[in-house]
Structure formats: C-alpha cells, structure tokens
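In: 3D model of this:
(one chain, ligands or ions: 2)
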Amino acid sequence: MSARIVCLPGDCIGPEVMAVAQRILRELAPDLELEDHLFGAAAIRATGDPLPDETLEACRSAAAVLKAPIGHPEFDAADVRPEQGMLRLRAELDVYTNLRPAKQGAVDLVIVRELVGGLYFGARGVREDGTVFDTCEYHPSQVERIARRAFELARSRGGRLTSVDKANVLETSRMWRRVVHEVGAEYPEVAVDDLLVDNAAMQLASAPEQFDVLVTENMFGDILSDLAAAMTGGLGLAPSASLGDAGPGVFEPVHGSAPDIAGKGIANPAAMLRSTALLLEYGLGATLRRLGDVRLRDVARSPDGGVIADYFGDFDDPEELAARLSATVGVVEHGLFPAAMVSDIVIGRGEQVEIRSLR
Ligand code: IPM
Ligand code: MG
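Out: Numbers count the residues shown, from 1 in each chain. Ligands and ions are numbered 1, 2, ... in the order given. Below you'll find the model as predicted:
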C-alpha cells in the first residue's frame, strides 16, 4: 500500500530544501509517491495564479502536502502575490490548527496558531476618502474548534495552556477569552491562563521555559512563533504542521524563501526536515505504522553546531535498521546536505545519526 504526498517546491531556496526532504523521504519511506506541483511565484509565472486549480485538486486528494517556502521580490508590489496562494490553500483545505513547536534546552513549547481566520481573512478595502482597512473577524465556532485542539494537545503534554489575546482592547479577544474558558470547563485536568499579547512577547523573550502550550489567533501566532523560533535556535530550525478535522495536513517550515541566499547551496534544510518529520508523524502516522517504516523523529542542532537526525521505527531485525540508516547516511554523503555544510557524519548509539555541519 502506498500514499501520495503532494510536494510544493516553492520559490528561491524552496526547491533546494525540498530536494533534501525528498531524498530523505525516498530512503525512509520508499513506498510513498511524491508528486511535485506548481505553487507560489513559480505558478504565477507559468499560469498567472499562485494556486492553480490543478495544484489545489492534487492537494485535496493527497494524503498530505509538503510545502517549501514561497515568495519572490519580483512580486512584492504586484496585485497577484505568491502569499495569496498560501492563504487560499490553508483556507481551501481548512487547516485551521497550525502547530509550531519550539524546543531547545529547557524550552519545550508549542504555539497553536489559528490559521484560517482573523485579520488575514477579514473584510478589507479602501474607503472613498482613501482610508485603507483590514478587519479582524472571528465567529465563536472558529474559536471553539481551535481551543478544543489546544486543550487536547495540552492534556497530552504538560497539562498547561496559555491563551494569548488582547482582551483589554479588542472585541474579538474578549469573545476569544470567553469561549476558551467555556471549552476549558470540559478539560478540568488542564490548567488554563490568559496572557495579553504584548506581555506574552515579553515573557517569551525573557522566560520561554515557563510555557507548555500557547493558543492564539492568526496574526498574534504569526508574530509570536517567529519570536519563539528565535529563542530556540532561529527560524532555520522551526517547523510547522497545519491540520484540519479531515483531509490532508500541510507541513511547512516557518521561515521564508530567503532570496538573498538562493542558488548558493547554503540553505539550512533543518526546518524543512523537521516539517517532514511532522508529516511522517502527524500526517501519515497510521499509514507508516502499517508500512512498518522507520520514521524521522526530529532534526535538531547539536551543541557544536552539527545537525542531529533522530529516527525511530519498529524493527525486529537490528540489521535492517542499520542498513536503512546507513543508506540514509549514504544519501547524506552524496549531497543530502549542501556539501559546504557537512564536515563529518557520526552514527551514534541507538538510532541516532549525527551529521556535523560546518556552520
Ligand atoms: C508564516 C508566514 C505566512 C503567514 C506569510 C508568508 C503569508 O509568515 O507562515 O508564518 O503569515 O502565515
Ligand atoms: Mg510568519
């Protein structure tokens, strides 16, 4: 049995980091069918639309979507921009739960960002007098479903949930806070508290280890997740998973398409690989368990700047695992990581493979 993964290689460094992810997927789960589709700036150039119908239909019927960063300076001031395709894809697939884990040392938190509502999707326009407006809109049902996801996640982790809002100013935030606590009544085992977004930024910058799960609306989550990434190794390492109630999830790095370093072979693929790990776990967990495959659990930066890939799987035969891992390392040696980044490869104890990089 196999599963079809739609890959969106995106723009600038996108195709470079996607190539790394695809090589690792081909080694780890050879039964997966990987299918590339046009998306972002590349799609605008070819079709005039950042999310062509054909790409959207392929995504809808896929088991999961693996997405590399999109965006190109060429379209910064254009009417049709790559980012519009991204917002539309999220809305069309209704992947309203965006998980953004940030982990390093004593910090181990997940930001649960509402992804298909709020300021990025509200009414917008220009009034007759020239005033330009975007509006933040939420229906209580949108808050209820994201809150439920966040409580479920908090229950399965440290049992603490922080809801971030701006209830001292915004109507949407006051409704958000009320609904979060209504849903919270169904989760007595989770301790929930509220934090104003400006204070949340300060707390994340000064004492990020205090947090377990944070839940917040779309734009606050966009901003705070960059901050959380900066506190835990930088945007180059930050992955994300966007999930709906049914249908495929979208797995993508938090970082952008980095036009300044595109084509130089120096893009760090760690965030893309971590997103691939989330795809294997959240997007295909059940499928892969049936396939009995080894899975990439995490990719992290080691204290000396190396990249650590950590695998797990159900193997009766330790030799099979060893063979699979050395095949992966072979791929690494032959260009999985940009050559400039690899100085040494060490197979550690157990199932851990460490790839030391020069940066
Ligand atoms: C992100 C990005 C996107 C967002 C942009 C590129 C539209 O910043 O995924 O965090 O705001 O969601
Ligand atoms: Mg962002």
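In: Smallest gap between the stretch 101-250 of the chain and ligand 1, at which residue?
Out: As assessed by C-beta to the nearest ligand atom, ligand 1 sits closest to residue 222 within the stretch 101-250 of the chain, at 4.4 Å. (C-beta placed from N, C-alpha, C; glycine too.)
In: repeat for the stretch 51-200 of the chain
Out: Closest point on the stretch 51-200 of the chain to ligand 1, by C-beta to the nearest ligand atom, is residue 83, at 4.1 Å.
In: Just give the number of residues close to the residue nearest to that residue when sequence neighbours are not counted.
Out: Closest residue in space to residue 83, ignoring its immediate chain neighbours: residue 71 at 6.3 Å, by C-beta to C-beta, 6 or more residues apart in numbering. Residue 71 has 22 neighbours, counted by other C-beta atoms under 10 Å.
In: Now do the same contact list for residue 71.
Out: 10-12, 40-41, 81-83, 256-257, 259 (C-beta atoms under 8 Å, 6 or more residues apart in numbering).
In: I'd like to know which of those residues are part of helices.
Out: Cross-referencing the contacts of residue 71 against helices under DSSP state H gives 41, 82-83.
In: Put together CSV for those residues, with pLDDT and neighbour count on each row.
Out: Putting the ones in helices among the contacts of residue 71 into CSV (pLDDT from 0 to 100; neighbours: other C-beta atoms under 10 Å) gives the following:
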residue, pLDDT, neighbour count
41, 97, 27
82, 96, 26
83, 95, 15
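In: Pick the one among the residues you listed closest to residue 61.
Out: Checking the ones in helices among the contacts of residue 71 against residue 61 with C-beta to C-beta, the nearest one is residue 82 at 23.0 Å.
In: so how far is residue 189 from the closest one?
Out: Separation of residue 82 from residue 189 (C-beta to C-beta, to the nearest Å): 42 Å.
In: quick one: average pLDDT of stretch 266-286?
Out: Throughout stretch 266-286, pLDDT has a mean value of 79.
In: In that stretch, which residues are buried?
Out: 267-281, 283-284 (16 or more other C-beta atoms under 10 Å).
In: now do stretch 116-131
Out: 116-121.
In: Max pairwise distance over the residues you listed: which two?
Out: Longest span within the buried residues of stretch 116-131, C-beta to C-beta: 116 and 119, 11.9 Å.
In: shared neighbours, those two?
Out: residue 218.
In: How confident was the prediction at residue 314?
Out: 49.
In: From residue 22, how far out is the residue in the stretch 251-359 of the chain positioned nearest to ligand 1?
Out: The nearest approach of the stretch 251-359 of the chain to ligand 1 comes at residue 254, 5.6 Å away (C-beta to the nearest ligand atom). Separation of residue 254 from residue 22 (C-beta to C-beta): 20 Å.
In: More neighbours: which of these two?
Out: residue 254 (24 against 19).
In: and the nearest residue to that one once chain neighbours are set aside, how far is that from residue 232?
Out: Computed as C-beta to C-beta, 6+ apart, the closest residue to residue 254 that is not its neighbour in sequence is residue 238, at 3.9 Å. Applying C-beta to C-beta, the value for residue 238 to residue 232 is 8 Å.
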